[in-house]
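Sequence plus predicted model, see below.
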Amino acid sequence: MLKVRRTTPSALFFDTIDQPRERLLRWALRSLEERRQRRAPIDHDLFHRSHLADMVHQEFAGACAFCERPVDPSDGVSHFRPLSVDGDHDGEGYADHYSWLAYEWLNLFLICRICQKQRRDRFYVMGKRARFLATFDEVRAEERPLLIDPTIDNPASHLSFLVSGECIPKRNSAKGKVTVDLLALNDDELVHRRLEAIETVVGAWQTALQDGADISDAVLNTPFLGAWRDVLTRTLSEFGIATLGASSRLSLVRRLRDLIEKNDREGCDRMVAAIDLVRNSDRIRRAEFQREPTEPERAFYPVAVLPPEARLRAPQAEIERVQITNFKAIDRLDIRLGEERSRKSGAPCLMLLGENAVGKSTCLSAIALALLGTREARMLRLTYSDLARSQARDSWDVWGREPVEVQLQLDARSEPAIFIYDPVRGRVEGSSEQSTVVLGYGPHRYFAKARGRRGTSAAHGVRSLFDSRQALPDPTEWLDGLRGRAFDEVARTIRMILPVGDDDQLVNDPRSGICVFAQGQLTPVGQLSEGYRSVFAMVADICRNLLEHWSNLEIAHGVVLIDEIETHLHPRWKMRVMSSLREAFPRVQFVVTTHDPLCVRGMYDGEVVVLARNEEGGITTLADLPDVSGMRVEQLLTSEYFGLSSTIDPDLQLEIARLSDGVAGDPALKIGVEADELVSRLTVGDSASAQIIQEALLQYLQEREKPIDALVPNARAAAVGAVFRALRSSRAG
């Protein structure tokens, strides 16, 4: 970790955040009662836009503020004080306590994804947190964070780096202990990379001292500057130089070269001896550090800031690739998920399209089994015949000996998730442990009111993908048991997905139980429409499962599989269902299937995959698909995604084709009334207003083409007036 000196942002920064900050402040000025069920309106995509990301990337020299791993600008910008924070130790405040600092320049940090996942929403302070809506200067004055802030603190006062790559908290430094523990600064991968960087620099310096040569310029590109600078500082201290007097890579290398030039052979030998002395002393320090008893997490924190009771720790993993072999209708299938979008926040998702019986639901089942791990997958009690692909085309034959295999390639820090059913041994093999929280929902989503319907195993969370009769647990029982912040956390998530107004909310009514207050009407959940109840039950179930592992839903990770996501939804709801789910659960990876082009809204380039059968009858994916984000529904339907040649009524299309053939055969043929009738059956226009205007236009032209004595006076004005009245009537409705 290295001291970072912040600069003053440019005018472009303030122009960028002006309007989003204004919207955020309007929310922040609401009463606490109003804010409880409304998430802060933060434009998370803003932190992934190139110019803002580049500003912060340059400010931190392209390295993580905490661990110094190189960070790509496309990873976006994070925050020192997180926008979503774990439950307060003093029982006050809400998860979005620091949300008003979202656009504060000095709160914007470059933090790698690994440190973000490790820290999650934990931000511990001594005493109380700063007042809500305090200025940033006041926040710094009022709070005493237990996480090192490299823009204010000197990391060298709290941490020391060994030649072997370990990061050691200095004695009596609570900040050092909490920072190392909270961010896992001594995980094996990070220690190894630090070791390589330190050996590169120290080795180059030692070689130059021994040979009287120059230090290679390759040292200038060595990462983990804070780590190897600390080792150099301690080495020169052994040599008798109190301070290094340099901070940048270039100035450090110049300083080393200067020392070589100014010292004679004896001086250079003494510096080599100092290097060896530090190596030897670090071996002893490393052995002592490794011998220290492993204390529980609480031992690192002063009594005043004991963290809340630990939840069931869930591993975090994102799917990058899906490979399925011999699973039901699928012979061999390979799907690569789109890379994380550089200008969008949140986890990458996947939508599967295709005709019936091309394996969309099979893909969801396969993913579920691999993520569950063999221990949980066995609890589904699936047989080989439940999973196997028929060995013959003309008959149903699942008595083969080929194993069923599913392999999921996960993100870089996670082991692959593997599921294998071996028919010879009659057993399930592969990854034994669950890779991440995984939930699955079949196409028939309804909840049962009977008690005791919800199983406790992870396998139960995906059972409806394998058994369409499996009902969702009644959400009202669980919600009725929630109080205070927990109830509001779920309520604010549900209202983001349900099509409710700004003043609508979820209510626990003493007489009617869990109700939705919408459009001035209090309605019990059991009395909602089928579509409302279906989505309500599914979203509540997602919340329930995620909150067993995460303190709030904005930082919850997991994979949610939904078959036929369009079930029971109105067209307007279909168009926003994916964007709403992604906004409500930004770190959750959704893998869904659909037959409806309206549901494609909210997906981005590379996130929609079309399954189809090839000439041999096998299932494959279509390649070179266009970007879905800018396509209209008609364009989607006639594109490779849905493959329709036209969206005109098939009978009408046949009539037009027949008439067209007749005209082509006899150019002198007069079409007459038949053609007029066919044209009148065509609807022109992509929106309601365009269709109204087109209808009025045709009426006007018909009037204008009548004989002079039959022409309606002021036909044009009448048509314009009709359009205006129709639009006004449409708006009122």
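Yep, it's here.

use CA for all of it now, contacts and neighbours both
Noted.

So for S639, what's the pLDDT?
S639 carries a pLDDT score of 57 in this model.

how near is V438 to A556?
Distance check for V438 against A556: by C-alpha to C-alpha, to the nearest Å, it reads 12 Å.

more neighbours, those two?
For V438 versus A556, neighbours defined as other C-alpha atoms under 10 Å are more numerous around V438 (27 against 23).

I'd like to know how far the more buried one sits from P473.
16 Å.

Would you agree I324 falls within a strand?
Yes - assessed with DSSP: H, G, I helix; E, B strand; the rest coil, I324 lies in a strand.

helix or strand for the residue nearest to D214 when sequence neighbours are not counted, which one?
Spatially, and ignoring its direct neighbours in sequence, D214 is nearest to A208 (5.6 Å; C-alpha to C-alpha, 6 or more residues apart in numbering). Remark: A208 resides in helix 188-211, with elements defined by DSSP states H and E.

tell me the angle of whichever helix or strand comes after that helix relative to helix 188-211?
Next in sequence after helix 188-211, counting helices and strands by DSSP H and E, comes helix 225-239. Computed by axes from the mean of the first three to the mean of the last three C-alpha atoms, to 10 degrees, the angle separating helix 225-239 from helix 188-211 equals 40 degrees.

After helix 225-239, which helix or strand is next?
By DSSP H and E, the next helix or strand past helix 225-239 is helix 249-262.

List the buried residues of that next one.
R249, L252, V253, L256, R257, I260 (16 or more other C-alpha atoms under 10 Å).

Distance-wise, check A491 relative to H557.
From A491 to H557 the distance is 19 Å (C-alpha to C-alpha).

quick one: which of those two has more around it?
H557 (25 against 21).

got a list of what that one touches?
Q316, A317, T436, V437, L546, R587, V588, Q589 (C-alpha atoms under 8 Å, 6 or more residues apart in numbering).

so how many other residues sit close to R39?
18.

Enumerate every residue touching the closest residue in space to it that isn't next to it in sequence.
With sequence-adjacent residues excluded and distances taken as C-alpha to C-alpha, 6+ apart, R39 is closest to R492, at 6.3 Å. R492 makes contact with R36, Q37, R38, R39 under the criterion C-alpha under 8 Å, 6+ apart.

can you list contacts of the helix holding A208?
Contacts of helix 188-211 (C-alpha under 8 Å, 6+ apart): 67, 163-167, 185, 213-216, 219, 222-224, 227-228, 231-232, 256, 260, 268-269, 271-272, 275.

Can you flag the buried ones in those residues?
In these, the ones that pass as buried (16+ other C-alpha under 10 Å) are 67, 163-167, 185, 215, 219, 222-224, 227-228, 231-232, 256, 260, 268, 271-272, 275.

Give the helix, strand or coil label for the spatially most central residue of the chain.
The structure's the chain has its C-alpha centroid closest to A347; by C-alpha atoms, centre = their mean the separation is 2.2 Å. Under three-state DSSP, A347 falls in the coil class.

and the nearest residue to S345 once chain neighbours are set aside, which of the three is it?
The shortest distance from S345 to any non-neighbouring residue, by C-alpha to C-alpha, 6+ apart, is to D45 (5.0 Å). What three-state DSSP gives for D45 is helix.

what does the model give D45 for pLDDT?
For D45, pLDDT reads 85.

ok, now the one 3 residues further on?
With respect to pLDDT, H48 scores 83.

What's the local residue count around it?
Residues near H48, counting by other C-alpha under 10 Å: 22.
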